[in-house]
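Engineer: Predicted model, plus sequence, below.
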Amino acid sequence: MRKEVYALGQHISMSAHKARRVIDQIRGRSYEETLMILELMPYRACYPIFKLVYSAAANASITMSSNEANLVISKAEVNQGTIVKRLKPRARGRSFAIQKPTCHITIVMKDISLGGYIDTDSITWSQKPKRKKKDTTMSYYDMYSNGGTWDKK
């Protein structure tokens with residue numbers, strides 16, 4: 001049985017940067033909390049993301065027969081789509097190119113009642129894997145011995 005479902009919105013007429021601003025707020029949250037956040041945020045990107053979250057929840061209820069209270073957004077990503085190019089007429093017979101960006105939004109939801117979901121916010125710093133530090137050795141730099149610009153006449 002599948003543990004996750006997704007909804008994909010392609011060619012949404014908005015820049016990927018503006019959609020990412022909203023997506024970063026809802027990643028890792030529950031379904032009901034996400035709907036409340038999206039309804040109250042004042043951005044234009046909220047409406048298509050709201051529709052995708054609602055669609056992903058409908059996919060989960062049909063394919064996995066899961067309850068909406070158990071759904072969590074496990075992955076949400078925004079990719080840049082094609083750029084639609086238009087010409088705007090300007091003065092003296094000239095034209096100006098207008099670029100209308102599009103984006104592709106993917107929402108992946110998991111059912112936490114089926115198991116396998118770990119909330120990364122609840123993990124303490126001692127449990128997370130540690131990064132290796134880079135070896136940074138300082139070397140002495142003498143500006144007078146390199147024969148640079150100061151030696152020239």
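Structural biologist: Sure thing, it's come through.
Engineer: Need the nearest residue in space to Val84, chain neighbours excluded.
Structural biologist: Lys100 (4.3 Å; CB to CB, 6 or more residues apart in numbering). The C-beta positions use only the backbone N, C-alpha and C, and glycine is treated the same way.
Engineer: where's the one you found, which helix or strand?
Structural biologist: In the assignment (DSSP states H and E), Lys100 maps to strand 95-111.
Engineer: again with Ile23
Structural biologist: Using DSSP H and E, Ile23 falls in helix 16-26.
Engineer: Number of residues surrounding the residue nearest to Ile105 when sequence neighbours are not counted?
Structural biologist: Nearest residue to Ile105 in three dimensions, chain neighbours excluded: Gly9, at 4.6 Å (CB to CB, 6+ apart). By other CB atoms under 10 Å, 18 other residues sit near Gly9.
Engineer: if we can go back for a sec, tell me which residues in the strand holding Lys100 are buried?
Structural biologist: By neighbour count on 16 or more other CB atoms under 10 Å, the buried set for strand 95-111 is Pro101, Thr102, Cys103, His104, Ile105, Thr106, Ile107, Val108, Met109, Lys110, Asp111.
Engineer: Kindly report the same for stretch 25-37.
Structural biologist: For stretch 25-37, by 16+ other CB under 10 Å, it's Gln25, Ile26, Gly28, Arg29, Ser30, Tyr31, Thr34, Leu35, Ile37.
Engineer: same check, this time on stretch 43-61
Structural biologist: 45-46, 48-57, 59-60.
Engineer: which residues sit against that stretch?
Structural biologist: The set of residues external to stretch 43-61 that reach it, using CB atoms under 8 Å, 6 or more residues apart in numbering, is 5-9, 12, 14, 18-19, 21-23, 26, 31, 34-35, 38-39, 66-68, 71, 73, 105, 107-109, 111.
Engineer: Would you mind writing the CA trace of that stretch as PDB?
Structural biologist: Extracted in PDB, the C-alpha atoms of stretch 43-61 (Å, rounded to 0.1, in the frame of the first residue of the first chain):
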ATOM      1  CA  TYR A  43      -0.200  36.500  -1.200                       C
ATOM      2  CA  ARG A  44      -1.500  35.700  -4.700                       C
ATOM      3  CA  ALA A  45       0.400  32.400  -4.700                       C
ATOM      4  CA  CYS A  46      -1.800  31.100  -1.900                       C
ATOM      5  CA  TYR A  47      -4.800  30.300  -4.100                       C
ATOM      6  CA  PRO A  48      -3.200  27.800  -6.500                       C
ATOM      7  CA  ILE A  49      -1.200  26.200  -3.700                       C
ATOM      8  CA  PHE A  50      -4.500  25.900  -1.700                       C
ATOM      9  CA  LYS A  51      -6.100  24.100  -4.600                       C
ATOM     10  CA  LEU A  52      -3.100  21.700  -4.900                       C
ATOM     11  CA  VAL A  53      -3.100  20.900  -1.200                       C
ATOM     12  CA  TYR A  54      -6.900  20.300  -1.300                       C
ATOM     13  CA  SER A  55      -6.400  18.100  -4.400                       C
ATOM     14  CA  ALA A  56      -3.600  16.100  -2.800                       C
ATOM     15  CA  ALA A  57      -5.800  15.500   0.300                       C
ATOM     16  CA  ALA A  58      -8.600  14.300  -2.100                       C
ATOM     17  CA  ASN A  59      -6.100  11.900  -3.700                       C
ATOM     18  CA  ALA A  60      -5.100  10.600  -0.300                       C
ATOM     19  CA  SER A  61      -8.700  10.000   0.700                       C
END
